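1. give me the fold of what follows.
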Amino acid sequence: MSDTQPQGSSGKQKSFHRRALPNDTLGEALRSVREDAGLSVEALGQQAGVQAKYIVAIEAGRYDQTPGPVYLRGFLRQIAAALDVSVESVLARFEAEPRGYVPTAQSAAKGFAQQQAATDAQTQRMHPRSARWLIAGGILVLAVVYFAISILGIVLPPPLTVTEPSADIIVNSPQVTVVGQSAAEVTVEVNGKPVSVDARGGFREAVDLQAGVNTLTITARKKRSRPATVTRRILVQVPAVVQ
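-> Presented below is the predicted three-dimensional model:
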């Protein structure tokens, strides 16, 4: 069928994109247009994205059975678009008709929840690829976070605590015992000399001192990590110290 009339014909060209709204109540008019279009309530609901029970309520003029005026106007817009009826004429008819509908907060909340659930279900049916992309994106984010934590665990300095000596001290002995705690598979050194570390990361090392001030530098490092460092200064006061 051609979208234009033959030359020489009289009368106005009929629009194939807008249906006229009958001079009935809004609900009756929408039902008439729907039936003329050969659509069931369920079919119209699928096209308009509106639950069938709300379409039935609108066609019957029972606006109190809808979530509320805001949602009701949205339903009317969607129904008008699905029926190829002017949205403006439908909303104008709705505003002109008398109605005494004031929804309660409970009914509005219930209607919103029902409509949201229907919208979510329809979105999942219509956009399965979007859902797959969303899941893939979530997995990617988790993977990035996991690798970031793993990398930080490699490059960050290992834990290091020196319990003896616990601070800078003065001694009268040419030797001091260094005791501390790090982590397993960590290399610990005192003044550049490796010391033994047990399976729990603990270490104990006797260190020879000289008369005067001695600086002990205790370091702990993992492979590829930055070192953790603790420094202790020890003053040795003895009449004679083995040199």
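2. any idea of the mean pLDDT for stretch 180-198?
-> Here stretch 180-198 scores 88 as its mean pLDDT.
3. repeat for stretch 218-231
-> On average, stretch 218-231 scores 85.
4. can you pull out the residues in contact with that stretch?
-> With Cβ atoms under 8 Å, 6 or more residues apart in numbering as the contact definition, stretch 218-231 has outside contacts at 154-162, 178, 180, 182-183, 185-190, 215-217, 232. Where C-beta positions appear, they are placed from N, C-alpha and C, glycine not excepted.
5. rerun that using 10 Å as the cut-off
-> With contact meaning Cβ atoms under 10 Å, 6 or more residues apart in numbering, stretch 218-231 is reached by 151, 153-162, 168, 178, 180-183, 185-192, 195, 197, 201, 203, 205, 207, 215-217, 232.
6. where in this structure is pLDDT low?
-> 1-18, 99-129, 147-148, 150-155, 238-243 (pLDDT under 70).
7. check which residues of the helix or strand harbouring residue 88 are buried.
-> Following DSSP states H and E, one finds residue 88 within helix 87-96. Using 16 or more other Cβ atoms under 10 Å as the test for burial, helix 87-96 gives 90, 93-94.
8. and what of stretch 218-233?
-> So, applying 16+ other Cβ under 10 Å, buried residues of stretch 218-233: 218-222, 225, 227-228, 232.
9. straight-line length of that stretch, end to end?
-> 11 Å (Cα to Cα, to the nearest Å).
10. ok, the nearest residue to residue 24 once chain neighbours are set aside to residue 74 distance?
-> Spatial nearest neighbour of residue 24, chain neighbours left out: residue 32 (6.7 Å); criterion: Cβ to Cβ, 6 or more residues apart in numbering. Computed with Cβ to Cβ, to the nearest Å, the distance linking residue 32 and residue 74 is 22 Å.
11. what backbone torsions are found at the closest residue to residue 169 other than its chain neighbours?
-> Once flanking residues are discounted, residue 169 sits nearest to residue 234: 5.7 Å by Cβ to Cβ, 6+ apart. The phi and psi values for residue 234, taken as degrees, to the nearest 10, are phi -130, psi 120.
12. got the domain boundaries for the chain?
-> 26-125, 127-156, 161-236 (automatic domain parsing).
13. and those domains as a markdown table, adding distance to residue 20?
-> Compiled in a markdown table, those are given as follows (distance: least, Cβ to Cβ, whole Å):
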| stretch | distance to residue 20 |
| --- | --- |
| domain 26-125 | 8 |
| domain 127-156 | 34 |
| domain 161-236 | 77 |
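14. hey, where'd the strands end up in the chain?
-> With DSSP state E as the criterion, the chain has strands at 161-164, 169-171, 175-181, 187-190, 193-195, 202-208, 212-221, 228-236.
15. of these, flag the one that's most buried.
-> strand 187-190 (a mean of 20; mean count of other Cβ atoms under 10 Å).
16. Provide the contact partners of it at residue level.
-> Against strand 187-190 from outside (Cβ under 10 Å, 6+ apart): 158, 160, 162, 178, 180-182, 194-197, 201-203, 205-207, 216-223, 225, 227-230, 232.
17. circling back: in the sheet, who's paired with the residue nearest to residue 169?
-> Under DSSP bridges, the beta-bridge partners of residue 234 are residue 169, residue 214.
18. who's in contact with it?
-> Residue 234 neighbours (Cβ under 10 Å, 6+ apart): 165, 167-171, 173, 176, 178, 207, 209-210, 212-216.
19. which of the buried residues of stretch 218-233 lies closest to residue 66?
-> The closest of the buried residues of stretch 218-233 to residue 66 turns out to be residue 225 (Cβ to Cβ; 64.0 Å).
20. how close does the residue nearest to residue 85 when sequence neighbours are not counted sit to residue 182?
-> Of all residues not flanking residue 85 in the chain, residue 19 sits nearest, at 5.2 Å (Cβ to Cβ, 6+ apart). Look at residue 19 and residue 182: by Cβ to Cβ, they are 81 Å apart.
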